[in-house]
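J.: could you look at this predicted model? Sequence included:
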Amino acid sequence: MPKVKFQNTGEEEEIELGAELKEVTKDAGWPIAYGCEDGVCGTCIVKVVDGEENLNPMEETEKQTLGIMGLDEGGYRLACQCKCNGSCTIEGM
């Protein structure tokens with residue numbers, strides 16, 4: 001079964017394919033802040049340490065938000081916009 005690992009603490013959660021990363025982090029109690037949950041505010045930035053290929057492709061709103069913040073390269077994503085199609089490791093910012 002795929003897992004999401006939170007690098008900050010080493011905790012892991014087993015997930016169903018297609019699980020929303022925001023729900024995984026909320027259910028696990030990991031300290032990821034959420035504001036709008038629409039990919040606009042940028043409060044839920046995470047660094048994808050491993051398994052970026054297992055996340056859904058970025059949509060335009062997420063690309064724009066990360067671009068404005070200067071984080072459009074280097075494996076950053078907005079947790080509220082990610083669906084997990086396999087295992088990944090994230091780091092909270």
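T.: Cool, the structure landed.
J.: so what's the residue minimising distance to the centre of the chain up against?
T.: In the chain, the residue lying closest to the centroid (Cα atoms, centre = their mean) is A79, at 3.1 Å. Listed by Cβ atoms under 8 Å, 6 or more residues apart in numbering, the contact partners of A79 are 21-22, 25, 32, 34, 44-46, 90. To be clear about C-beta, it is placed using only N, CA and C from the backbone, and glycine gets the same treatment.
J.: now with 7 Å, please.
T.: Neighbour list for A79: 21-22, 25, 32, 44, 46 [criterion: Cβ atoms under 7 Å, 6 or more residues apart in numbering].
J.: tell me the one among these nearest to N56.
T.: L21 (9.5 Å; Cβ to Cβ).
J.: not counting sequence-adjacent ones, nearest residue to the closest one?
T.: Beyond its immediate neighbours in the sequence, the residue positioned closest to L21 (Cβ to Cβ, 6 or more residues apart in numbering) is C82, lying 3.9 Å away.
J.: would you confirm that the one you found contacts N56?
T.: Yes: assessed by Cβ atoms under 7 Å, C82 is found in contact with N56 at 6.4 Å.
J.: more crowded one of those two?
T.: C82 (27 against 15; other Cβ atoms under 10 Å).
J.: cool, thanks, talk later.
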